[in-house]
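*Asks:* Quick one: sequence and predicted model below, then my questions.
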Amino acid sequence: DTTINTMRSSLIIVALAAGASAFAPASLGRHQRRAVTRAAIDAPKEVNKITLLPGDGIGPEITEATMKVLDKLSEVTDGLSFEFTESLIGGAALDATDSPFPDETYKACTESDSVLLACIGGPKWDANPRDKRPETGLLAMRKQMGLFANLRPAKVLPQLIEASTLKPEIVEGVDIMVIRELTGDVYFGEPKGITTDATTGERVGFNNMIYSESEIKRIAKVAFDIAGKRNGEVCSIDKANVLDVSQLWKEVVIEEAKAYPDIKLSHMYVDNAAMQLIRWPKQFDTILCGNIFGDILSDEASMLVGSLGMLPSASLPAEGPGVFEPCHGSAPDIAGQDMANPMAMILSAAMMLRYDLARPAEADVLEAAVEKCLDDNLRTADIYAEGKGQTLLGCKAMGEAVAKAVEELAKKPVMA
């Protein structure tokens, strides 16, 4: 389809804003976009190769629930099927191969059309050396696959406004997109390590907080492009009053903003941003962060919604497949108890359909199915409230409920 092909070639990254559902991006159609990063494929394919990375903790449970939803979607959609390949990452990979991101997993990911990751980590591996920890595998995947742009939406849904720990008047209407640079900063900077001071005999730990100008430019372009599809505002986060790397960050962002005269750019110190997200979150639209600041602030912004169990994310490269994953962790305390919320991973699958697989209509169906379950007062434990007429479901039952909603919604068009 020429129209879809043209759209996918010009569409790079857009924000999650009002559309067919509360999760869908703003109008994509015939708007031309500046080239920042591209989707894995240019036009819809009938058979889509998906690498599944269940990982650790609740990961296998939410992966199974998400697969059932995608299987139902393919069942009710002509010309759509999925070919799933399961690979190891994190603690599960360490136990099986002694590597948190085995070469076989990297090969499977790069040969697929897209990657769905559940979650990694747990106390079992916390005492391991740094190179033998699950998180090291996640960092390796990001670096080796070039996943430099992390998109984390935090949108408060009317059905879940009471689930937030903040007052309804504070969070009502909150719709934030956090853009986090993912392959630089203190997590990847060299030199780093733990050594012993020759004079004092005291151990010393050190990391290098470092960014190149090109790395900052690249992520700034993503943020400005996304803001152009939202409300046209970017707040860049730094600590330029004390950090040289933040001073460079600020200077480069200001320079890059000159190419986007329609975007309103502001700056905020990271400590103030952490406070303002709680005090007045509705002031933010698109937030641009480096790796470590984005790691912290995106989790804080996520909790405005009431539960990390509802929030998807996308990690995108300049080319090739992206990685789509829920924002939450592996929750080892509830693993194997059928208590996990699979909705964030299901919504991550919707982002995969939209951004990697050129399937925006099918993404709308998944997102609308999640909303329908919320409208029907179906809840997992993390978003359940006593005395509100809600039905408490486990992970498996919630996955089945979303799959059923997909079947019902697929029988009628999803209106934009």
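*Replies:* Arrived safely, thanks for sending.
*Asks:* any chance you could map the strands in the stretch 101-250 of the chain?
*Replies:* Here the stretch 101-250 of the chain has its strands, by DSSP state E, counting those that start in this stretch, at 114-119, 149-155, 175-181, 193-196, 203-206, 233-238.
*Asks:* just those strands: most buried one?
*Replies:* The highest average neighbour count among these, using mean count of other CB atoms under 10 Å, belongs to strand 114-119 at a mean of 28. For glycine as for every other residue, the C-beta is placed from the backbone atoms N, C-alpha and C.
*Asks:* Within the sheet, what are the partner strands of that strand, with directions?
*Replies:* If you go by DSSP bridges, strand 114-119 pairs up with strand 47-55 (parallel), strand 323-326 (parallel).
*Asks:* Of the strands of the stretch 101-250 of the chain, which is nearest residue 303?
*Replies:* Closest to residue 303 of the strands of the stretch 101-250 of the chain is strand 149-155 (CB to CB; 8.4 Å).
*Asks:* just the angle between the closest one and strand 175-181, please?
*Replies:* Counting by axes from the mean of the first three to the mean of the last three CA atoms, to 10 degrees, strand 149-155 lies at 160 degrees to strand 175-181.
*Asks:* helix, strand or coil for the residue at minimal distance from the centre of the chain?
*Replies:* The structure's the chain has its C-alpha centroid closest to residue 313; by CA atoms, centre = their mean the separation is 1.2 Å. Counting by DSSP: H, G, I helix; E, B strand; the rest coil, the backbone at residue 313 sits in strand.
*Asks:* ok, now which ones touch it?
*Replies:* For residue 313, the contacting residues are 150-153, 298, 324-327, 348, 351, by CB atoms under 8 Å, 6 or more residues apart in numbering.
*Asks:* for residue 150, same thing?
*Replies:* Under the criterion of CB under 8 Å, 6+ apart, the neighbours of residue 150 are 178-182, 294, 298, 313-316.
*Asks:* Could you find the lowest-pLDDT member of those residues?
*Replies:* Lowest in pLDDT among those is residue 298, which has 90.
*Asks:* Could you report the neighbour count for that residue?
*Replies:* 24 (other CB atoms under 10 Å).
*Asks:* I'd guessed it sits against residue 290; true?
*Replies:* No: using CB atoms under 8 Å as the test, residue 298 is too far from residue 290 to be in contact (11.6 Å).
*Asks:* what touches both of these two?
*Replies:* residue 180.
*Asks:* Burial check on residue 130, number of neighbours?
*Replies:* 10.
*Asks:* residue contacts, it?
*Replies:* For residue 130, the contacting residues are residue 136, by CB under 8 Å, 6+ apart.
*Asks:* now it: how far from residue 72?
*Replies:* Separation of residue 130 from residue 72 (CB to CB, to the nearest Å) stands at 41 Å.
*Asks:* Residue 363: helix or strand, and which one exactly?
*Replies:* Per DSSP states H and E: residue 363 is located in helix 360-375.
*Asks:* Quick one: mean pLDDT for the helix or strand following that helix?
*Replies:* Toward the C-terminus, helix 360-375 is succeeded by strand 378-379 as the next helix or strand (DSSP H and E). The pLDDT scores in strand 378-379 average 96.
*Asks:* for stretch 362-372, same thing?
*Replies:* 94.
*Asks:* Tell me how far it lies from the chain's centre.
*Replies:* Mean-position distance between stretch 362-372 and its chain equals 17 Å (CA atoms, centre = their mean, to the nearest Å).
*Asks:* can you start the count at 14 instead of 1 from here on
*Replies:* Yep, numbering from 14; the last one is stretch 375-385 now.
*Asks:* Report the contact partners of residue 83.
*Replies:* For residue 83, the contacting residues are 63, 95, 362, by CB under 8 Å, 6+ apart.
*Asks:* remind me which residues of this structure are low pLDDT?
*Replies:* 14-52, 54, 425-429 (pLDDT under 70).
*Asks:* Flag every buried residue along the longest helix along it.
*Replies:* Counting residues, the longest helix found in the chain (DSSP state H) is helix 72-89. When neighbours are counted by 16 or more other CB atoms under 10 Å, the buried residues of helix 72-89 are found to be 72-83, 85-87, 89.
*Asks:* From residue 385, how far out is residue 250?
*Replies:* Here the distance between residue 250 and residue 385 works out to 36 Å (CB to CB).
*Asks:* for stretch 131-148, which positions count as buried?
*Replies:* 131-135, 138, 146-148.
*Asks:* scratch that, stretch 102-122 is what I was asking about
*Replies:* In stretch 102-122, counting by 16+ other CB under 10 Å, buried: 102-107, 112-115, 118-119, 121-122.
*Asks:* Stretch 367-375 too?
*Replies:* Buried residues in stretch 367-375, defined by neighbour count with 16+ other CB under 10 Å: 367-373, 375.
*Asks:* Redo these as JSON lines? Include distance to residue 284.
*Replies:* Shown next, in JSON lines, are the buried residues of stretch 367-375 (distance: CB to CB, whole Å):
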{"residue": "367", "distance to residue 284": "34"}
{"residue": "368", "distance to residue 284": "32"}
{"residue": "369", "distance to residue 284": "36"}
{"residue": "370", "distance to residue 284": "40"}
{"residue": "371", "distance to residue 284": "41"}
{"residue": "372", "distance to residue 284": "41"}
{"residue": "373", "distance to residue 284": "39"}
{"residue": "375", "distance to residue 284": "42"}
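*Asks:* re the thing from before, just give me the closest of the contacts of residue 326 to residue 391.
*Replies:* Using CB to CB, those come closest to residue 391 at residue 339, 18.0 Å.
*Asks:* could I get stretch 275-291 in CSV with only the CA atoms?
*Replies:* Taking Å, rounded to 0.1, in the frame of the first residue of the first chain, the C-alpha atoms of stretch 275-291 are listed here in CSV:
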residue,chain,number,x,y,z
ASP,A,275,7.4,26.2,16.6
ILE,A,276,8.6,24.4,19.8
LYS,A,277,8.6,26.2,23.1
LEU,A,278,11.8,25.1,25.0
SER,A,279,12.3,25.4,28.7
HIS,A,280,15.0,24.1,31.1
MET,A,281,14.8,22.8,34.6
TYR,A,282,17.3,21.5,37.1
VAL,A,283,16.7,17.8,37.9
ASP,A,284,16.1,18.3,41.6
ASN,A,285,13.4,20.9,40.9
ALA,A,286,11.9,18.7,38.2
ALA,A,287,11.5,15.9,40.7
MET,A,288,9.6,18.2,43.0
GLN,A,289,7.5,19.8,40.2
LEU,A,290,6.4,16.4,39.0
ILE,A,291,4.6,15.9,42.3
